[in-house]
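Novice: Predicted structure and sequence below. I'll ask about it afterward.
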Amino acid sequence: MSYQNKDNMRLAKKIGEWIDRDKVIKFSFEGEDYTGYEGDTITSALWANGVKVLGRSFKYHRARGVLSLANHDVNILVTDGVDTNIRADVVTLQSGMTLKVVNTEGGVVNDKKKIIDSISALLPVGFYYKAFHSPAVLFPFWEKFIRKAAGLGVVNFNYPRITQRKLNAYCDVLVIGAGPSGLSAALMAASNGLEVILVDENQQLGGSLVYDRAGGNAAKEMLDELSVKMAETPNIKVYTGSYAAGYYADHMVPIVTAKGITKVRAKTVIAATGAFEQPPVFRHNDLPGVMLGSAAQRLIYRYGVKPFNTCVVVTANAHGYRVALDLLNAGCTVVALVDMRAEADRDQYVGELARKGVKIYSSYCVYEALPSKSKLGVRGVTICPFDEKNGTSNTANSITLDCDGIAMSAGWAPAAALLYQSGMGVRFDNDIQQFVPNSLPNGIFAAGKVNGVYNIKQRGLDGMRAAAAALQYLGKSVETINVDHHQGASPSHFYPIVMHPKGKNFVDFDEDIAVKDFINAAQEGFDNIELMKRFTTVGMGPSQGKHSNMNAIRILAKIRNLPVEKIGTTTARPFFHPTPFGHLGGRSFHAHRLTTIHMWHKAANAVFVDVGAWSRPAYYQKSGLSRIETLQQEAIAVRQSVGIIDGGTLGKIEVCGPDAGLFLERFYTGKYIDQKVGTTRYALMLDESGVIVDDGIASRLAEQLFYLTVSTSNAAAVYREMQRWLQIWQLNVGLVNVTGAYGLINIAGPKSRDVLAKLVDIELSEANFPIGSALETQILGFSARIIRVGFVANLAYEIHMPSAQALNAWKALMQSGVKEGIRPFGTDTQRLLRLELGHHMPGYDTDGLTIPYEVGAEHALAMDKPFFVGQRSLQIIAKKPRNKILVSFVLPLDYSSEMPQDCNLVIDDGVIKGRVTSVSYSPAAKCVIGLAYVHPTQNQLGATFEIRTDNGSLAKATIVKTPFFNAE
Amino acid sequence: MKLLNCPMNGLRPLGEFIYGGEYREMPNPNNSSDLEWASYVHYRDNAPGVKKEWWFHSPSGTWFIAERNTLSDEVLNTYLFGKAPFPKNENLSDGKLGDEKNTELSA
């Protein structure tokens, strides 16, 4: 710990600073106690305390300090024990924080892994790809080390689940970025009566007006003026400390605040997102004490912290001169200003700096920063004459200057992630050496630095220009505003890269990628920007290339001897900034539909299963009995006496009107026009390719009223298809989905007639109410539709009643059946019962390719009808040979080996011929029964085939007729 | 999330809609060849461009046709099946266009 020098770097109060010096905050960092002020970030508070080694780099574990103070200091990740990877440069200091640096072994100052830095020459890019893959047998050994070295921070598996509410907001104009352009745009849009939302990731408004002052007051005065207007304008809703996380279709932009996500739906979006300052590349440009000029300015004016005591400014634009003036204003000694350019339009500041005694070296570069003995800071800098055209430095004439820090200003990269996501087309503007919007989607506008406008007065005007364009887009008549193209020297240098034979001239600080790594990658053939990105991992670290992509593109352009615009850019995906899962996660709310009899089932120990949107009893648990035993008891009750099942989940659709019969004839495979009132018919639904979708029962309750049942999980989809075909056919039909309106009870078994008869006034005898009958009557004084069905037993009735009455009817039937030993059964038992009768179930015994000919459903196909959905396809399919058919099989009565399961394969001489779709032991048949697909040549009554069970043994099955048992 | 203009309910978020596949004109099942029918059922060219698509507004149960440029994901028009707006230069004197059931086919 001894190195951290603990100088007090806090300055006297600065006008407009963001800290409240009356509120002292205590915290600890790496085991030592410090104080900061309310409004500090973690980094600014540490720097004020003279703490400069704030983190270690990812790969080489090099000491790192402040780089940007703008959300790309990703080597400075700290943990408070709960949250890992807290970005110290932007996260606000909280009282009592106990912080440690991630990615160190033994603390940030004495990190044992710094040894890796000294062997970095052995670890070129692509090293992992190449070194550990052969011999393959050793990879598991290496993997342990690689996994330990990879990643940052330690996941806290006890992290509390924090759910945040999602809010929605709507506006006419969403302005992203509250610098001079964004503020001007918001004010102009609001003054024309539009509802505006203004969002900025920083804690306060103003953007660079807060800190880029060139030692003067003009920027602050402009900000004050804009702030007064903002306060007077009610129709701008401001989100500070919040970031626009991404752009989604039709102008949806999620804004992430500390309290969760607000989804903003805007009519237009103005991106005034500014630009990220880019570091020049020279040896040791990563030492603590080497920082971007804008970072130094942020320390001074936002937090009242002195960046250095004695420093050198290296620049390639006018901004470096402004930074030098700000440093002088903060009491730093500026030893020299090193300008990499040969010719530069810098009249504005050069005299002022000279007057203040700053020596200016033109056409010079920083050749290398000189590390202090501990390698934890800067002790000086070597500068030398620089030929910017060729990028060569004249080391023979180098000069060494003593300093404890370097401020760097070489250029900018547009913060254009959201614009790229919206579909912006870009062009490269050589006058400013920057990618600028060339084409923007409808309703999207860009303003300020991201639009290539750097002059301070023009930036405000550019905001107003964008606002005027947005107003016009929304149909308001306002005058078009024109903004002059950039005048004078470029704000970005075309190639701020200084070569050094010993390297360590870093391009990407996230991943410790130096210039030679790019050259190596290109030599290996990865000389396309997307390939180079993946091979070197440039821009793939947590800052997502905010400070590295532009230099990487320049280096690649130089290697390939192409103009920068031919290299292209990569698109940053959402999110703009890592967003906690708690903000993204939903409420884990899973809706279930329950029938009105649900609570009765629950009280009767039902075991529930999800069927589509519904929760249904699978069976009713009896203590001491296994699931299988319970199912078989329930099944025996139905076979011998009477059982009852809640079928309220079944889809129920009323089809009414003069064309109802015609509609059903087109929609289903059967005939319905001539169906008699009071009868039911099977309804098989195909899709247009002839594949089975669903089946059910059509009951004709009146001349113009059919009542359809469809299977539970298909109900919504079948109803939807009915609606679609009805719109196409334009028939005179009304459709009503009454699934939830009607309860359904199925009472089945030889005694079911006796039990039901006690509750109804109608004659249920075989002669009067045979299978295929349906009528409307009353039960307990309420209307009921009774349908004679045969799905689970030869004698069974469906009772359809208004949902609210279903429970009463259920209880009445249970009461009525006491003597007969009535027993409730669930869906698992139902599947066994229908299997015993040999009925196949769509979706269970069929799949997405099954046609009616494969399940023996020819009887349901009225091919002589003029049309039904799937008919034409069946005509084609009928001409082709079948390759599978569903058959009923039994296993030998004494079968006791491995039980076959659904989906076990049918094997013939080692070749797959089909599969089992349903299989179960049947107490009624007293053997194992099932349905299986076999090859048509195997389909003969009495023929045998083999099923391969889970343990590999073959079970010999015999094809039989259904039903499987003597049903009398 | 994208917005879609339901012809009955106006602009609604995409989450309320279900995609129903590309709209294809059904050939006459009585006189089309097997090949024509099979290509109607199975063949989609998947070429980017303006497609007619079925969309379903789930809360209100409304099927409609959307003309969407699958390259730009721009929805150019939505209307109920059979209610296609007449193309501007259409010769309205053709009696068949008066029949609602035919207007969609002519669009």
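Specialist: Yep, that arrived. Residues are numbered from 1 along each chain as shown, chains lettered A, B, ... in the order given.
Novice: what does chain A have sitting close to chain B?
Specialist: A:248-250, A:252, A:688-689, A:720, A:723-724, A:727-728, A:730, A:867, A:871-873, A:876 (CB under 8 Å from any CB of the partner chain). Using the backbone N, CA and C atoms, a C-beta is placed for each residue, glycine as well.
Novice: Apply the buried test to the residues you listed and list what passes.
Specialist: A:248, A:250, A:252, A:688-689, A:720, A:723, A:727-728, A:871-873, A:876 (16 or more other CB atoms under 10 Å in any protein chain shown).
Novice: Sort out for me which of those are in helices.
Specialist: A:720, A:723, A:727-728, A:871-873, A:876 (DSSP state H).
Novice: ok, back up a step: wait, which of the buried ones among the residues of chain A next to chain B is closest to residue A:293?
Specialist: residue A:248 (34.7 Å; CB to CB).
Novice: Max pairwise distance over the ones in helices among the buried ones among the residues of chain A next to chain B: which two?
Specialist: Among these, A:723 and A:876 lie farthest apart (CB to CB), at 27.4 Å.
Novice: and which of the ones in helices among the buried ones among the residues of chain A next to chain B is nearest chain B?
Specialist: residue A:872 (4.0 Å; CB to the nearest CB).
Novice: Now do the contacts for the closest one.
Specialist: For residue A:872, the contacting residues are B:29, B:32, B:37, by CB atoms under 8 Å, 6 or more residues apart in numbering or on different chains.
Novice: cutoff 7 Å now
Specialist: Residues in contact with residue A:872 (CB atoms under 7 Å, 6 or more residues apart in numbering or on different chains) are B:29, B:37.
Novice: Residue A:81 too?
Specialist: Contacts of residue A:81 (CB under 7 Å, 6+ apart): residue A:98.
Novice: mind running it again at 10 Å?
Specialist: Residues near residue A:81 by CB atoms under 10 Å, 6 or more residues apart in numbering or on different chains: A:97-100, A:154, A:156.
Novice: Residue A:899 too?
Specialist: So residue A:899 contacts A:628, A:891, A:919-921, A:928, A:949-951, A:955 (CB under 10 Å, 6+ apart).
Novice: could these go into CSV alongside pLDDT, neighbour count and secondary structure?
Specialist: Below are those laid out as CSV (pLDDT from 0 to 100; neighbours: other CB atoms under 10 Å in any protein chain shown; DSSP: H, G, I helix; E, B strand; the rest coil):
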residue, pLDDT, neighbour count, secondary structure
A:628, 93, 14, helix
A:891, 97, 21, coil
A:919, 96, 23, strand
A:920, 94, 22, strand
A:921, 94, 18, strand
A:928, 96, 20, strand
A:949, 96, 17, coil
A:950, 96, 10, coil
A:951, 95, 8, coil
A:955, 96, 22, strand
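Novice: tell me the pLDDT at the nearest residue to residue A:837 once chain neighbours are set aside?
Specialist: Of all residues not flanking residue A:837 in the chain, residue A:963 sits nearest, at 4.8 Å (CB to CB, 6 or more residues apart in numbering or on different chains). At residue A:963, the model reports a pLDDT of 90.
Novice: gap between the residue of chain A positioned farthest from its centre and residue A:677?
Specialist: Centroid-distance maximum for chain A: residue A:767 at 62.4 Å, with CA atoms, centre = their mean. To residue A:677, residue A:767 is 18 Å away according to CB to CB, to the nearest Å.
Novice: go on, residue A:19?
Specialist: For residue A:19, the distance to residue A:677 - CB to CB - is 85 Å.
Novice: Compare these two (neighbour count), which wins?
Specialist: Comparing residue A:19 with residue A:677 by other CB atoms under 10 Å in any protein chain shown, the one with more neighbours is residue A:19, at 24 against 14.
Novice: Identify the residues contacting that one.
Specialist: Residue A:19 touches A:10, A:13, A:25, A:36-41, A:44-45, A:48, A:93, A:302-305, counting by CB under 10 Å, 6+ apart.
Novice: Just the ones of the residues you listed in strands?
Specialist: Counting by DSSP state E, the part of these found in strands is A:25, A:36-38.
Novice: Scan the residues you listed and report the most crowded one.
Specialist: residue A:36 (29 neighbours).
Novice: show me what contacts it?
Specialist: So residue A:36 contacts A:10, A:19, A:23-27, A:42-49, A:92-95, A:97, A:303, A:305 (CB under 10 Å, 6+ apart).
Novice: Counting neighbours, which of these end up buried?
Specialist: A:10, A:19, A:25, A:27, A:42-49, A:92-93, A:97, A:303, A:305.
Novice: Now go through those and say which are in helices.
Specialist: Those of the buried ones among the contacts of residue A:36 lying in helices (DSSP H): A:42-48, A:303.
Novice: Tell me which helix or strand in chain A has the weakest average pLDDT.
Specialist: Using mean pLDDT, DSSP states H and E, helix A:127-131 stands out as the lowest-scoring helix or strand of chain A, at a mean of 67.
Novice: In the stretch 401-550 of chain A, what residue comes closest to chain B?
Specialist: For the stretch 401-550 of chain A, CB to the nearest CB, closest residue to chain B: residue A:423, 8.3 Å.
Novice: how far away is that residue from residue A:439?
Specialist: 9 Å.
Novice: swap in residue A:123?
Specialist: Residue A:123 is 43 Å from residue A:439, by CB to CB.
Novice: cool, residue A:765 as well?
Specialist: Relative to residue A:439, and taking CB to CB, residue A:765 is found at 80 Å.
Novice: residues near residue B:73, how many?
Specialist: Residue B:73 has 11 nearby residues by other CB under 10 Å.
Novice: Leaving out the residues flanking it, which one is nearest to it?
Specialist: residue A:249 (6.8 Å).
Novice: ok, now which ones touch that neighbour?
Specialist: A:422-423, A:441, B:1-3, B:14, B:73-74.
Novice: if we take those residues, which one ends up nearest to residue A:161?
Specialist: Nearest to residue A:161 among the contacts of residue A:249: residue B:1, at 25.1 Å, using CB to CB.
Novice: The helix ranked longest in chain B near chain A anywhere?
Specialist: Assignment by DSSP H gives helix B:34-42 as the longest helix of chain B. Yes - Helix B:34-42 reaches chain A (CB under 10 Å from any CB of the partner chain) through B:34-38, B:40-42.
Novice: filter those residues to the buried ones?
Specialist: For those, buried by 16+ other CB under 10 Å: B:37, B:40-41.
Novice: between those residues, which is closest to residue A:478?
Specialist: residue B:40 (52.1 Å).
Novice: Was I right to think the closest one contacts residue B:22?
Specialist: No - with contact defined as CB atoms under 10 Å, residue B:40 does not reach residue B:22; the gap is 11.1 Å.
Novice: Can you list the low-confidence ranges for the stretch 1-150 of chain A?
Specialist: A:1-6, A:126-131, A:133-134, A:149 (pLDDT under 70).
Novice: Show me what residue of it gets nearest to chain B.
Specialist: For the stretch 1-150 of chain A, CB to the nearest CB, closest residue to chain B: residue A:71, 26.7 Å.
Novice: What is the burial count for the nearest residue to that residue once chain neighbours are set aside?
Specialist: Using CB to CB, 6+ apart and skipping residues adjacent in sequence, the residue nearest residue A:71 is residue A:90, 4.8 Å away. Per other CB under 10 Å, the neighbour tally for residue A:90 reads 22.
Novice: Report the beta-bridge partner residues of the one residue sitting closest to the centre of chain B.
Specialist: Central residue of chain B (CA atoms, centre = their mean): residue B:65, 3.4 Å from the mean position. Note on residue B:65: beta-bridge partners residue B:54, residue B:79, judged by DSSP bridges.
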